[in-house]
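Chemist: Let's see this in three dimensions:
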Amino acid sequence: MKVFMVILSLFSALSAKVYYAKVEPYELRDISSNVSGLVVFTDENSIGKKLSETPYIQIDSEIDQKDLKLVKDKLMYIKSIVEINEAILVNLEESLAKKRENYKKIEPLKFKSLVEKDKEFYDLITSENLYLNTRKEIQNLKVQISDLKLRESQLQRSIEDKKLTAKGFTLYEVLVKPGEVVGVATPLAKVADVSKALLTIYLDETDVIDSQKKVVYMDGEKTPYQISRLLNIADGKNISKYMAQIIVKSPKLFSKLVKVELKNE
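Modeler: Model (predicted):
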């Protein structure tokens with residue numbers, strides 16, 4: 001029985017298919033610009049280093065900063081005007097209520113002439129129009145406030161988008177230089193997540209079955225890894241092959257080639 005198990009394990013080892021994979025960063029991001037502007041700073045000294053919250057590319061935001069200050073000032077002034085108008089509206093409402101009450105008292109009196117009654121009526125209508133116009137002005141000012149708040153958010157977003165940061169990522173490549181003018185979608189840099197590594201292999205259809213249960217051997221040594229991702233759709237370039245990915249610990253050096261085998265326990 002022992003001899004049979006040894007033979008079986010030897011057969012399994014011999015039948016394990018060998019794959020080769022390049023040790024790549026867990027993620028490699030292509031960074032493009034969300035805004036247009038002049039590049040004023042690039043930190044090429046950080047290439048190959050882990051980035052912090054400090055920007056590694058800076059696009060000129062001077063005009064946006066000035067525009068943002070003006071928008072904030074305008075918002076403050078308009079809000080102040082709205083507060084004043086709302087206080088006026090309260091007074092007009094009280095005054096209007098009394099004028100309506102007075103007109104109701106005067107209107108049936110026979111000793112009051114038609115001219116006097118008309119005067120009271122027109123005075124009442126004038127006060128109502130003033131009340132309605134004040135309400136209308138308040139609504140118009142609130143619309144302006146909404147538009148300015150949207151503009152404020154857009155400017156804040158633009159300013160933030162002009163300071164490129166990627167905390168925790170490694171700067172892989174900078175694609176622009178200070179003095180260049182960039183537009184929306186212009187490639188700016190590449191950053192990599194090297195906290196983990198990724199091995200990609202392409203399995204034959206027969207190897208896909210139970211592949212995620214198999215133990216991964218790297219360069220002949222057993223590892224605690226298993227296939228992390230498996231596509232059940234054939235790859236577009238490697239016809240009739242199915243992509244499988246293995247997430248592993250971050251190595252000292254990336255891009256080296258390793259031998260990968262999938263074996264049963």
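Chemist: can I assume residue 141 is in contact with residue 85?
Modeler: Yes. Assessed by C-beta atoms under 8 Å, residue 141 is found in contact with residue 85 at 7.2 Å. Where you see a C-beta, it was placed from the backbone N, CA and C, and this is true even at glycine.
Chemist: and residue 252, what helix or strand is that in?
Modeler: Under the criterion DSSP states H and E, no helix or strand holds residue 252.
Chemist: now residue 35: how far from residue 160?
Modeler: 10 Å (C-beta to C-beta, to the nearest Å).
Chemist: Who has more neighbours out of the two?
Modeler: Using other C-beta atoms under 10 Å, the more surrounded residue of residue 35 and residue 160 is residue 35, with 18 against 14.
Chemist: Helix or strand: which one has the more buried one?
Modeler: Using DSSP H and E, no helix or strand contains residue 35.
Chemist: How about the contacts made by it?
Modeler: 59, 158, 161-162, 184 (C-beta atoms under 8 Å, 6 or more residues apart in numbering).
Chemist: In PyMOL, select just the buried ones from those.
Modeler: This is how PyMOL selects the buried members of the contacts of residue 35, with burial counted by 16 or more other C-beta atoms under 10 Å:
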select buried, resi 59+158+161+162
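Chemist: Inside helices: which ones of the contacts of residue 35?
Modeler: Mapping the contacts of residue 35 onto helices (DSSP state H) picks out 158, 161.
Chemist: just the contacts of residue 35 now: which is nearest residue 95?
Modeler: Here the nearest of the contacts of residue 35 to residue 95, counting by C-beta to C-beta, is residue 158; it sits at 46.7 Å.
Chemist: I'd say that closest one and residue 61 touch.
Modeler: Yes. Residue 158 is in contact with residue 61 according to C-beta under 8 Å; the separation is 7.0 Å.
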